[in-house]
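I would like to see how this sequence folds:
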Amino acid sequence: MPDLHIAADRHIPIPDWMVPKGVRIQRFDPSGGFPADVTDMDALLVRTVLPVHSSTLPQTGKLRFVGSATAGYDHVDTDWLRENGVSFACSRGCNARSVAEYVATVLLLQYGECEDSLRNRTVGIIGAGYAGRATAHLLKKLGMRPVLHDPPREAVDPEFQGATRADVLQCEILSFHTSYHRGGSHPSHHWMDENAFQTSRAQLLINASRGGVVDEEALGNALKSGPLKRAVLDVWEGEPMITERQVEQACIATPHIAGYSVESKENASRMVIEALCREFNRPVPSRNEPRTPIRIGCDTNDPDNPPESIQKVIGHIHPVLDFDREMRRLLPLPDSDRNAAFLKLRAEAPLRREFPAIRVPASWIDRWSWLSILGIEPE
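Below is the predicted model of the structure:
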């Protein structure tokens, strides 16, 4: 069986154990586009930062498979690939847990100073795919009341009955997890537009889906006129071109990293490699050793004294506030430099561990019971 030659975005983590036998991987920097010899490859692995369509890749050449190590795929023209005889796969659901943890984290930062402050708050979840359902599941554990809205899912899943658009807009919090579509029977472009803001009762909006789902001009107007008070934005209209106005109107701003974790990245790579193996009839590699949990605060001189504020606890277990600080440091840069810095911040972000992989002193969980609810275990 001849060797397979694969071009892969250098930011996709593919450890040695994951590389199938007889596969040679050529890494490339996506900031420079596709490698010159990409059409001589058997397969191409990308992320969302590099669109794949007839303008960016006019000829498919020898390519037989394109894989995106991402949950979404609106950056790929799948119809065009199919017309050219190229199979496609992405990693649906790879980052669902990580996105859910991001939403839970920012909600704890906004409302979580006392143990029951999240209880019974309604959260409208727009998009009931992997990430939306994982978010609903985790928030329900925290005592919140998720309300799911997803007409495309209703159309194909007889067991799913979602809330109406009008009902979901009455929730106290809105969290977006829908895919991005400009056309079709259920377009999501500017789903949250001026009219939606005028009828919404939400006080907090979280967007961890795609930038174009929320009309950010209308968002700015809504933040001035109420009842909306705060917005948490992980994705941006025009990304990676971000403006000072966009960032400044968010109470927490992050560079499209809600789904980033060691586990989600490994899931994404593994899922797309498995699809590649199926396409080329190659054995699927398997990992022999589980990952070691990360211990936080267990080796300090005083592990029996937990952090005194929720901000300090979250600072230990999730880097969301670190990313917010880094985002705001980009604002004084000229536009072209800011765009490049945004991509660099996103691509080179150190990956966190998901909550079930974290161990903390038992005193921390005694003081902050929601740590246990999130899946963090005592040392």
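
Quick one: the helices in the stretch 251-379 of the chain, in order.
Assigned helices in the stretch 251-379 of the chain, in chain order: 262-280, 310-317, 320-329, 335-347, 362-367, 370-373 (criterion: DSSP state H, counting those that start in this stretch).

Now render these as CSV, adding mean neighbour count.
Every C-beta, even on glycine, is put in place using the N, C-alpha and C of the backbone. Formatted as CSV, those follow (neighbours: other Cβ atoms under 10 Å):
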stretch, mean neighbour count
helix 262-280, 20
helix 310-317, 17
helix 320-329, 17
helix 335-347, 16
helix 362-367, 17
helix 370-373, 18
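
Quick one: the ones you listed as TSV, columns for distance to residue 229 too.
Formatted as TSV, the helices of the stretch 251-379 of the chain follow (distance: least, Cβ to Cβ, whole Å):
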stretch	distance to residue 229
helix 262-280	30
helix 310-317	19
helix 320-329	17
helix 335-347	26
helix 362-367	28
helix 370-373	22
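
residues near residue 368, how many?
Other residues within reach of residue 368, judged by other Cβ atoms under 10 Å, total 23.

ok, back up a step: could you check the helices of the stretch 251-379 of the chain and tell me which one is nearest residue 163?
Distance to residue 163, taken as Cβ to Cβ, is lowest for helix 370-373 among the helices of the stretch 251-379 of the chain, at 24.4 Å.

pretty sure residue 95 contacts residue 256?
No: the pair residue 95 and residue 256 does not pass the contact test of Cβ atoms under 8 Å, sitting 11.2 Å apart.

Those two: which has the busier surroundings?
When residue 95 and residue 256 are compared for neighbours, residue 95 comes out ahead with 29 against 23, by other Cβ under 10 Å.

Once you drop chain neighbours, what's closest to residue 255?
residue 346 (4.4 Å; Cβ to Cβ, 6 or more residues apart in numbering).

so who does the one you found touch?
49, 240, 255, 256, 257 (Cβ atoms under 8 Å, 6 or more residues apart in numbering).

how close does the nearest residue to residue 93 once chain neighbours are set aside sit to residue 259?
Ranked by Cβ to Cβ, 6+ apart and with sequence neighbours excluded, the top spatial neighbour of residue 93 is residue 130, at 3.5 Å. Distance check for residue 130 against residue 259: by Cβ to Cβ, to the nearest Å, it reads 10 Å.

Common neighbours of the two, please.
Common neighbours of residue 130 and residue 259 are listed as residue 71 (criterion: Cβ under 8 Å, 6+ apart).

Mind checking which of the two has more residues around it?
residue 259 (24 against 18).

and the more buried one, what is it in contact with?
Residue 259 is in contact with 71, 94, 95, 98, 99, 102, 131, 208, counting by Cβ under 8 Å, 6+ apart.

Which of the residues you listed ranks first by neighbour count?
residue 131 (32 neighbours).

Residue 294 and residue 359 touch, don't they?
Yes: counting by Cβ under 8 Å, residue 294 touches residue 359, with 7.1 Å between them.

Mind listing the shared neighbours of those two?
By Cβ under 8 Å, 6+ apart, no residue touches both residue 294 and residue 359.

how much space is there between the residue nearest to residue 93 and residue 233?
21 Å.

now do residue 276
Distance from residue 276 to residue 233, counting by Cβ to Cβ: 34 Å.

that older thread, now the contacts of residue 346: which count as buried?
Neighbour-count burial (16 or more other Cβ atoms under 10 Å) applied to those gives 49, 240, 255, 256, 257.

what's the spacing between the third one and residue 126?
Read that as residue 255. Residue 255 sits 22 Å away from residue 126, going by Cβ to Cβ.

ok, now the last one?
According to Cβ to Cβ, residue 257 and residue 126 sit 20 Å apart.

End to end on stretch 176-184, go ahead and measure it.
Using Cα to Cα, to the nearest Å, one end of stretch 176-184 lies 19 Å from the other.

in it, what's buried?
Buried, per 16+ other Cβ under 10 Å, within stretch 176-184: 176, 177, 178, 179, 180, 181.

Can you name the residues in contact with it?
Outside stretch 176-184, the residues touching it (Cβ under 8 Å, 6+ apart) are 72, 74, 99, 125-129, 131-132, 135, 150, 187-189, 191-192, 205-210, 212-214.

what's the answer for stretch 107-114, then?
117-118, 121, 123, 139, 142, 144, 173, 204, 206, 230, 232, 251-252, 310-311, 314, 320-321, 370.

rerun that using 7 Å as the cut-off
For stretch 107-114, the external contacting residues (Cβ atoms under 7 Å, 6 or more residues apart in numbering) are 117, 118, 121, 204, 230, 310, 311, 314, 370.

centroid residue for the protein?
The residue lying closest to the centre of the chain (Cα atoms, centre = their mean) is residue 259, at 2.9 Å.

gap between the nearest residue to that one once chain neighbours are set aside and residue 209?
When the adjacent residues along the chain are set aside, residue 259 lies closest to residue 95, with 3.0 Å between them (Cβ to Cβ, 6+ apart). As judged by Cβ to Cβ, residue 95 and residue 209 stand 12 Å apart.

Next: residue 99.
9 Å.

Now do the contacts for the closest residue to residue 165 other than its chain neighbours.
Using Cβ to Cβ, 6+ apart and skipping residues adjacent in sequence, the residue nearest residue 165 is residue 149, 6.4 Å away. Contact analysis of residue 149 by Cβ under 7 Å, 6+ apart lists 124, 125, 126, 162, 163, 165, 168.
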